[in-house]
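[1] no sequence on hand, only this structure:
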């Protein structure tokens, strides 16, 4: 049997895939992007983060924005897991595998970025050894590393269910037993994720000397803690649907029913509505209470084009109100164009939110005699960020080709 | 949401008279030399330089002949309620010692730069590249302050080593190292200031000059409204300068 024929034996049962040559060609494109990013990463590790566009005013930049965005967009994994295994919405079993893979890519990708972003990566374990229990970032370090472990545990049975690997008795039994205990890990994942999504928001809300980000709150948690959780579970399911739709477009095969996608986006839309209500209240309290107390006005929070008010309008009006309407009115949600555009806007709004909290917070000159500074990521930051996207593309491509991700695929493509 | 306010028996503080500052930058140079800050190959990007003490230029925004400028030297404020300390994930910075100086533990810092995002004064600096002393210049490195590798955050510490030296001198002289006389401990920036614009001492000790200066009606602190409670005071008799010490709504008085 030729290699090309043998490779077909690794496909999930009953499905067809594109030719090996075409697949390798696609992987080569992704590998080229990844290789360029690796070169940039080597530059960073050898010469220091001075090769990036960051400076003493912008200690956080594209990397942190990217990390926060992908962690929010990858929230589909824990939230879908919670709904599927704990709340028992059985229909979601047809998309949960995809959500888990996306979550794994997002979290592992964010971790890879962090290894470059912190100045002393070999000291990363200090977060466990010398933890400051008052720091939101400590909670983020704890929960993200623990949750990545949970995600790996959730991915393991998927990998071991691969047709050839599953013939090995040990791997078969491991996969089976992991499935049995999966509700436990789904619960654990939901707990850890809720806390680190919240802590990522808390990280900004506690900055009492940065009026753009500072928020009052409940007990030790600023409002941003809860807003980040809500926005993550609003965008995560929609991101999962978008990835699914993109994969369907690229492969020309239907992978899940529209009904499942519609259910996911309905859940996302509902969460977005709840998020929107609280976000509007939070913004109102910020404008009328926190800013005047600091001697500042709403207008002072914006500057030029890249820190302009249009971003806030786009985030709070276009990317909340419109998707909520599109996703929660059944007649609109039934039409693919409305549903997918709503998902795109939903995810875009969350990305803008993470950007302004990361960059605009530190761009605003708190000292009156200081001035607005602008930040633009340079090639090293873009290359490494694209490297993570390419890494995600490779993992997803391999997973689609060889793992039984979509239970409905065979039936839908008969 | 903010960290607990910290108080100590001794509270080292700086009082800077902006009206006396000529903006000569001697304090910046003294600081860099004293604290083993390596000369930079290209210091043209001022957002990348290591200037623990940085002099800002203030303008009254008027046209000639009413145009006026002032200079504001900005060290670390050693805040009583530091925004940087509670955020550090690895306790690499703390305010836990008598004197109230905010520490920075370089071998523990992981370089996440969260403290830099938290500080509204831009008092914290990051080592973007390896520090390199050109051949021969390594002889200027002093044994008093540790050098830092790249990838960690560093900042002004009121020349903490000089405090240790002052305490040692007091012990040798048989006097109380915890009750130093005015002038026994002086940071490099204060020592070098040619116009005497800076005074340093224990803000709680009536025998120290800064005790009275910090209580002057002309004294103020930067961004007091944010509740950071800085241990650095500024003085000016000019209203427009005073107004730039904090943010005020149009209907509010400084």
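    Sure thing, it's come through. Note that this is a predicted model, so its numbers are computed, not measured.
[2] would you mind listing what in the stretch 101-250 of chain A touches chain B?
    A:117-120, A:123-124, A:126-127, A:129-132, A:134-138, A:140-141, A:203, A:205-211, A:214-217, A:220, A:222 (Cβ under 8 Å from any Cβ of the partner chain). Quick note: C-beta positions are derived from backbone N, CA and C, even for glycine.
[3] tell me the buried residues within those.
    A:117-120, A:123-124, A:126-127, A:130-132, A:134-138, A:140-141, A:203, A:205-211, A:214-215, A:217, A:222 (16 or more other Cβ atoms under 10 Å in any protein chain shown).
[4] quick one on the thing from earlier: the residues of the stretch 101-250 of chain A next to chain B in helices, which ones?
    A:117, A:126-127, A:129, A:136-138, A:140-141, A:203, A:205 (DSSP state H).
[5] which residues does residue 132 contact?
    Defaulting to chain A. Residue A:132 sits next to A:138, B:86, B:88-91 when contact means Cβ atoms under 8 Å, 6 or more residues apart in numbering or on different chains.
[6] oops, wrong one, chain B.
    So residue B:132 contacts B:38, B:41 (Cβ under 8 Å, 6+ apart).
[7] could you check the pLDDT of it?
    Here, the pLDDT recorded for residue B:132 equals 94.
[8] now it: phi and psi?
    phi -130, psi 130 (degrees, to the nearest 10).
[9] quick check: the gap between it and chain A.
    11 Å (Cβ to the nearest Cβ, to the nearest Å).
[10] where does chain A get nearest to chain B, residue-wise?
    residue A:119 (2.1 Å; Cβ to the nearest Cβ).
[11] how many residues are close by the closest residue to that residue other than its chain neighbours?
    Of all residues not flanking residue A:119 in the chain, residue B:111 sits nearest, at 2.1 Å (Cβ to Cβ, 6 or more residues apart in numbering or on different chains). Residue B:111 has 23 neighbouring residues, counting by other Cβ atoms under 10 Å in any protein chain shown.
[12] which residues touch residue B:111?
    So residue B:111 contacts A:49, A:118-120, A:123, B:126, B:151-153 (Cβ under 8 Å, 6+ apart).
[13] any idea how far residue B:130 is from it?
    According to Cβ to Cβ, to the nearest Å, residue B:111 and residue B:130 sit 13 Å apart.
[14] now do residue B:184
    Applying Cβ to Cβ to residue B:184 and residue B:130 gives a distance of 36 Å.
[15] again, but for residue B:176
    Distance from residue B:176 to residue B:130, by Cβ to Cβ: 43 Å.
[16] please, where are all the strands along chain A?
    A:217-218, A:221-222 (DSSP state E).
[17] pipe these into a markdown table and attach distance to residue B:169 and mean pLDDT per row.
    Output for the strands of chain A, formatted as a markdown table (distance: least, Cβ to Cβ, whole Å; pLDDT from 0 to 100):
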| stretch | distance to residue B:169 | mean pLDDT |
| --- | --- | --- |
| strand A:217-218 | 48 | 88 |
| strand A:221-222 | 47 | 92 |
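[18] which residue is nearest the centroid of chain B?
    Taking Cα atoms, centre = their mean, the centroid of chain B lies closest to residue B:75, which sits 2.3 Å from it.
[19] where along the stretch 101-250 of chain B do the strands fall?
    B:103-104, B:124-126, B:153-155, B:198-202, B:219-220, B:232-235 (DSSP state E, counting those that start in this stretch).
[20] circling back to that earlier point, tell me which two in the ones in helices among the residues of the stretch 101-250 of chain A next to chain B are the farthest apart.
    Of all pairs drawn from these, the widest gap by Cβ to Cβ lies between A:129 and A:205 and measures 26.5 Å.
[21] of all of chain B, which residue lies closest to chain A?
    For chain B, Cβ to the nearest Cβ, closest residue to chain A: residue B:111, 2.1 Å.
[22] correct me, but the residue of chain A closest to chain B touches residue B:129?
    No: applying Cβ atoms under 8 Å, one finds residue A:119 not in contact with residue B:129, separated by 10.8 Å.
[23] distance check, residue A:357 against residue A:204.
    Distance from residue A:357 to residue A:204, by Cβ to Cβ: 5 Å.
[24] what do you get for residue B:179?
    Taken as Cβ to Cβ, the span from residue B:179 to residue A:204 is 43 Å.
[25] and the two? Which one has more around it.
    residue A:204 (28 against 13).
[26] okay, and for the stretch 51-200 of chain A, where does confidence drop off?
    Within the stretch 51-200 of chain A, not a single segment meets pLDDT under 70.
[27] can you pull out the helices in it?
    A:62-73, A:76-81, A:96-117, A:126-129, A:136-160, A:169-180, A:182-205 (DSSP state H, counting those that start in this stretch).
[28] and among those helices, the most buried is which?
    helix A:76-81 (a mean of 29; mean count of other Cβ atoms under 10 Å in any protein chain shown).
[29] elements contacting it?
    helix A:96-117, helix A:136-160, helix A:182-205, helix A:223-251, helix A:258-285 (3 or more Cβ pairs under 8 Å, 6 or more residues apart in numbering or on different chains; DSSP states H and E).
[30] TSV for the ones you listed, including distance to residue B:45?
    Output for these, formatted as TSV (distance: least, Cβ to Cβ, whole Å):
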stretch	distance to residue B:45
helix A:96-117	20
helix A:136-160	27
helix A:182-205	26
helix A:223-251	32
helix A:258-285	35
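[31] quick one: contacts for residue 8?
    Chain wasn't specified; assuming chain A. residue A:17.
[32] wait, chain B was what I had in mind.
    Counting by Cβ under 8 Å, 6+ apart, residue B:8 touches B:97-100.
[33] filter those residues down to the ones close to chain A.
    Of those, not one also sits near chain A (Cβ under 8 Å from any Cβ).
[34] return the member of these nearest to residue A:58.
    Using Cβ to Cβ, these come closest to residue A:58 at residue B:100, 29.2 Å.
[35] please tell me the pLDDT value assigned to residue 28.
    Since no chain was named, I'll use chain A. Reported pLDDT for residue A:28: 98.
[36] oops, I was thinking of chain B
    Looking at residue B:28, its pLDDT is 97.
[37] who's in contact with the closest residue to residue B:110 other than its chain neighbours?
    Of all residues not flanking residue B:110 in the chain, residue A:123 sits nearest, at 4.5 Å (Cβ to Cβ, 6+ apart). Counting by Cβ under 8 Å, 6+ apart, residue A:123 touches B:90, B:108-111.
[38] any chance of these in CSV, plus pLDDT?
    Output for the contacts of residue A:123, formatted as CSV (pLDDT from 0 to 100):
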residue, pLDDT
B:90, 96
B:108, 96
B:109, 97
B:110, 97
B:111, 96
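[39] of those, select the buried ones using a ChimeraX command.
    Buried residues among the contacts of residue A:123 (16+ other Cβ under 10 Å), as a ChimeraX selection:
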select /B:90,108,109,110,111
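[40] point out the ones among the contacts of residue A:123 that are inside helices.
    Taking DSSP H, every one of these sits outside helices.
[41] listing request: residues of chain B with sub-threshold pLDDT.
    B:1-4.
[42] tell me where it has helices.
    Going by DSSP H, chain B shows helices at B:26-34, B:114-118, B:160-173, B:188-192, B:209-213, B:239-243.
[43] deepest-packed of these, please.
    For these, the highest mean count by mean count of other Cβ under 10 Å goes to helix B:114-118, at a mean of 25.
[44] distance from the chain centre to that helix, please.
    Distance, stretch centre to chain centre, for helix B:114-118: 16 Å (Cα atoms, centre = their mean, to the nearest Å).
[45] likewise stretch A:233-245?
    The answer for stretch A:233-245 is 10 Å, by Cα atoms, centre = their mean.
[46] likewise for stretch B:147-165?
    11 Å.
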